[in-house]
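# Kindly return the folded structure for what I paste below:
(chains A and B)
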There are 2 protein chains.
Amino acid sequence: MSTSRSQERLQESLSLVIQLLEKQRVIEALTHKQESKNKELVESLVHRQNLALLQRKLRDLHPADLAHIIEALPQEDRLVVWAELEPHCAAQVLLEASRSVRDFLVEATERGRLLELLGQLDPDDLAYISESIDPEVVAEVYHSLDAREQSLFQRTMAYPDDAVGHLMSPELVWVRDTSDMGGALEDVRRRGELPPHTETLFVVDARHVLRGALSLKDLLLRPPSAPVSAVMSTDVVSFTPLDPAADAARAFERYDLIAAPVVDERGKLVGRLTVDVMMDFLHRQAQSEALRRAGLSGEEDYFAPAWTSAKNRWLWLLVNLLTAFVASRVIGLFESTIQDLVALAALMPIVASVGGNTGNQTVALMIRGLALDRINRANTRHLLLKELSVGLMNGAVWGTAVGLAAAALYGSLALGAVMAAAILLNLVVAAMVGCAVPLVLHRLGRDPAQGSSVLLTFTTDSMGFFIFLGLARAFLVV
Amino acid sequence: MSTSRSQERLQESLSLVIQLLEKQRVIEALTHKQESKNKELVESLVHRQNLALLQRKLRDLHPADLAHIIEALPQEDRLVVWAELEPHCAAQVLLEASRSVRDFLVEATERGRLLELLGQLDPDDLAYISESIDPEVVAEVYHSLDAREQSLFQRTMAYPDDAVGHLMSPELVWVRDTSDMGGALEDVRRRGELPPHTETLFVVDARHVLRGALSLKDLLLRPPSAPVSAVMSTDVVSFTPLDPAADAARAFERYDLIAAPVVDERGKLVGRLTVDVMMDFLHRQAQSEALRRAGLSGEEDYFAPAWTSAKNRWLWLLVNLLTAFVASRVIGLFESTIQDLVALAALMPIVASVGGNTGNQTVALMIRGLALDRINRANTRHLLLKELSVGLMNGAVWGTAVGLAAAALYGSLALGAVMAAAILLNLVVAAMVGCAVPLVLHRLGRDPAQGSSVLLTFTTDSMGFFIFLGLARAFLVV
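Here you go, the predicted model:
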């Protein structure tokens, strides 16, 4: 048996695959160089041997591991591995891969093989990845499904991809509330198979309305004559297909759920959500949030061509350039002041930078608090006041420190005082804007992770320059 | 029965608790103002009625929900809710709360009640939160445990808090490999209870070495005479107590695990990891990462006093001030150049800002890639070259655009050319440093999320000013 340290094993697999691919490339390069027929034959043998080794290694791996390995490979290597996968396995890899890599693999697969792969998928899984695939191909696969599968596919497609309905699975086991343990056990035995993550069976009435949940544990431990309705738990957390997946994921986390029923508006059981799907969802969310905050799409393929990546970053670059230009024009207003006292040019970035950094701390806290539902109408005022106090305190303490340093450096107490006042004011601006921007974006139904930082930095830069140079013109240069 | 929309229900509970607390405060304020004995009595009755309502509401809530509500309340309100909780429930809330809020609650609880609460916890849970608690109190609770519980406590404490051993639970069910289905079922029935998240039973040999896993499903579906060793799955993902919890969490995600065995170095079964603990771990990690990137400790309590929060942010502020000072000194080197051409003062922040923003995109990508194991020795060079190409392309395109704008604005083609060149060079610097800093921190075994951004912004600011003003001095002013 293999009790395996999974992480190490995966790292080793990745290294081995990379080695084999490396060898493959060397062999191919040699084959290219060598002219003699004879040598070519030998190389080609080695080539085949190596490929067989690669195939064997790949066959042993879990689809999730294969997806991981493919994501970590440069694009040409991905295609070598991808071509070696069996259709069934390749179909699972498509499910496990991230969106951008899935798009790349689909793009690189010729139509015949793609049809074969997609034919292997359950209809709800097919719906899940259908956005990556040419609608014509999806339609062709759809027509090959039987009526029940077609309706499953359509039901999944009917919900937005961040709703419970899009992520739920139709695989579920239910028993009747009028049954007893013996009858329920009989039902389960007759099915012969239970879907994964079945720790509880759902209990429904004659109208298929959810009435409770019966754990396998009780099915094992209770006497056969015990009625289901007496043993089942009635306090079941359930979802509707239109509930946001993010809310469901949080409920899974909070109540330690493994699987939960999905019911329609009349309470009828229509599907099942499982913890693995929720974990994937949370994982994708966490992953994309960090990238979205940096102005990336959250789906960037590490091994996409440089040109594609460069274009992905243009929108953000453009926004940044425009805001930087505005800040630059603010400075432009004070060119004569700077001409009179050139030290201002050296000191002004400090004011802007301190404001930007502390403001971004506030932004990070607010985004996190909003995502965790820690921030609500009832406590917003409290938080605003608190951040304002923090800004005032830090502004007073550190403004004074920097002011003294500036005064010492340039031998001007007045310059130091202007510097201190500008830092204090800009930290207050930063605290206010850092609170307000994520809150407003959130109220408008937008994602505060995307955009808050740009707006914040824009404000603290422009205001930092304006406050500092404005104070300097008023008090120093005249 | 209650099939409940959990998220809405939680929001409603929170609002209700806040309302009740609000009322409580109004009543108290009134009681303070009113002098007459009579009135006081009436108020006190209303007061008690309101409190009873609050207590009833709190009693209905899941500990995870209570923890959530407590986290979302200002500190004085937290204490009102906290005081109303039954010891058993309060103990669970301590487990569910975030570190900073747990510390706050422990701090606010008098010793007698704290001892009572902690006595309710399982020894492994006690160990899990023991860092928040006065060692003397922990010792007192420890001495009240029986020998088996003491050894469990000690075993959990023996592992670092990001290791599997610290998170595993001793609650597990195993059957012998020489048993058959009937015998295994008998074993389970004799226990009378199964721990939560038991979808499989672990199979061990006479020396308690893990041999495989037997699903409850098989126990239900297979004939009683089938031998365990023939039915069990032998391909079990297991962990050792010293494995990093982050690796285990990734394996849970990748292989859709519900529970996994933990074995010692001789393969003996010592504990069990469950998906709910892993989800909590991932959640805490994701939560703290975003804050750590902004220079916060990742555990900041939203309702801590402003003074505490202000101090939490000092280290970062200080680092930021020091780096800003260095950048400012770089500008100081070129004061005479700026004096000659004051437009430079207005344009230089653009160069720095564009470098900082695109560099931080690279940093975000690298941190994410490192966290997901997408980046390794084999593909580092490829990624470096790619980011460099992206920097060159974007530098050429956007440098030219900004150069032309600057040339038009100030009517100097030479100034535009210097601007374009400076942006191109600074984007290349940003790409290199943005790749290198997270990689180096990671190789040194440090957390790249903490520190990468500061170092990057420091470099792109200083280098941005240096390159731009240096080019200007060389080509424009002479």
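# mind listing what residue A:397 touches?
Taking Cβ atoms under 8 Å, 6 or more residues apart in numbering or on different chains, we find residue A:397 in contact with residue B:310. (Each C-beta comes from the backbone N, C-alpha and C, glycine too.)
# now the end-to-end length of stretch A:251-270.
Distance between the two ends of stretch A:251-270: 19 Å, counting by Cα to Cα, to the nearest Å.
# So which bits of the longest helix belonging to chain A are buried?
Across chain A, the longest stretch assigned as helix under DSSP state H is helix A:377-410. Judged by neighbour count using 16 or more other Cβ atoms under 10 Å in any protein chain shown, the buried positions of helix A:377-410 are A:378-379, A:382-384, A:386-395, A:398-400, A:402-403, A:405-407, A:409-410.
# same thing with stretch A:137-157?
Residues A:137-138, A:141-142, A:149, A:152-153, A:155-157 are the ones in stretch A:137-157 that count as buried (16+ other Cβ under 10 Å).
# Pull the residues that contact it.
Contact partners of stretch A:137-157, identified using Cβ under 8 Å, 6+ apart, comprise A:111, A:114-115, A:118-119, A:122-124, A:126-128, A:130, A:165-166, A:168, A:170.
# Could you do stretch A:460-469 as well?
For stretch A:460-469, contacts defined as Cβ under 8 Å, 6+ apart pick out A:323-324, A:326-327, A:330-331, A:333-334, A:337-338, A:344, A:347-348, A:351-356, A:359, A:418-419, A:422, A:425-426, A:429-430, A:433, B:349, B:353.
# Stretch A:80-87 now?
A:17, A:21, A:24, A:51, A:54-55, A:58-59, A:66, A:69-70, A:73, A:90, A:93, A:105, A:108-109, A:113, A:116-117, A:120.
# Any of these buried? List them.
A:17, A:21, A:24, A:51, A:54, A:58, A:66, A:69-70, A:73, A:90, A:93, A:105, A:109, A:117, A:120.
# So, low pLDDT: which residues of the stretch 1-150 of chain A?
When the per-residue scores of the stretch 1-150 of chain A are filtered using pLDDT under 70, the ranges that remain are A:1-8, A:26-47.
# Sort out for me which of the contacts of stretch A:137-157 are in helices.
Per DSSP H, helices hold the following members of those: A:111, A:114-115, A:118-119, A:123-124, A:126-128, A:165-166.
# Sort out which one of the residues you listed lies nearest chain B for me.
Of all the ones in helices among the contacts of stretch A:137-157, residue A:165 has the smallest distance to chain B: 14.0 Å, by Cβ to the nearest Cβ.
# May I have the predicted confidence score for the closest one?
The predicted structure scores residue A:165 at 90 on the pLDDT scale.
# what does the one 3 residues further on give?
Each residue has a pLDDT score; the one for residue A:168 is 90.
# pretty sure it is in contact with residue A:281, am I right?
No - Residue A:168 sits out of contact with residue A:281 when judged by Cβ atoms under 8 Å, with a separation of 11.7 Å.
# Give me the more crowded residue out of those two.
When neighbours are counted by other Cβ atoms under 10 Å in any protein chain shown, residue A:168 comes out ahead of the other of residue A:168 and residue A:281, with 26 against 18.
# got the phi/psi numbers for the more buried one?
The phi and psi torsions at residue A:168 (degrees, to the nearest 10) take the values phi -70, psi 160.
# ditto for the one 4 residues further on
In terms of degrees, to the nearest 10, the main-chain angles of residue A:172 are phi -150, psi 160.
# and it, what does it touch?
Under the criterion of Cβ under 8 Å, 6+ apart, the contact partners of residue A:172 comprise A:195, A:202, A:261, A:269, A:271-272.
# and those residues near chain B, which?
residue A:261 (Cβ under 8 Å from any Cβ of the partner chain).
# among the contacts of residue A:172, which two are most distant?
Considering Cβ to Cβ, no two members of these lie farther apart than A:195 and A:269, which are separated by 14.0 Å.
# can you pull out the strands in the stretch 51-200 of chain A?
Ranges of strands in the stretch 51-200 of chain A, per DSSP state E, counting those that start in this stretch, are A:174-176, A:200-204.
# Tabulate the contacts of residue A:172 in JSON lines, adding columns for pLDDT.
Compiled in JSON lines, the contacts of residue A:172 are given as follows (pLDDT from 0 to 100):
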{"residue": "A:195", "pLDDT": "84"}
{"residue": "A:202", "pLDDT": "93"}
{"residue": "A:261", "pLDDT": "94"}
{"residue": "A:269", "pLDDT": "93"}
{"residue": "A:271", "pLDDT": "91"}
{"residue": "A:272", "pLDDT": "93"}
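# Which one of the contacts of residue A:172 is nearest to chain B?
When those are compared for distance to chain B (Cβ to the nearest Cβ), residue A:261 wins out at 7.3 Å.
# gap between residue A:129 and chain B?
17 Å (Cβ to the nearest Cβ, to the nearest Å).
# for that residue, what are its contacts?
Under the criterion of Cβ under 8 Å, 6+ apart, the contact partners of residue A:129 comprise A:94-95, A:102, A:121.
# now residue A:68
Listed by Cβ under 8 Å, 6+ apart, the contact set of residue A:68 reads A:10, A:14, B:254, B:373.
# mind listing what the second one touches?
Under the criterion of Cβ under 8 Å, 6+ apart, the contact partners of residue A:14 comprise A:68-69, A:72, B:376, B:378.
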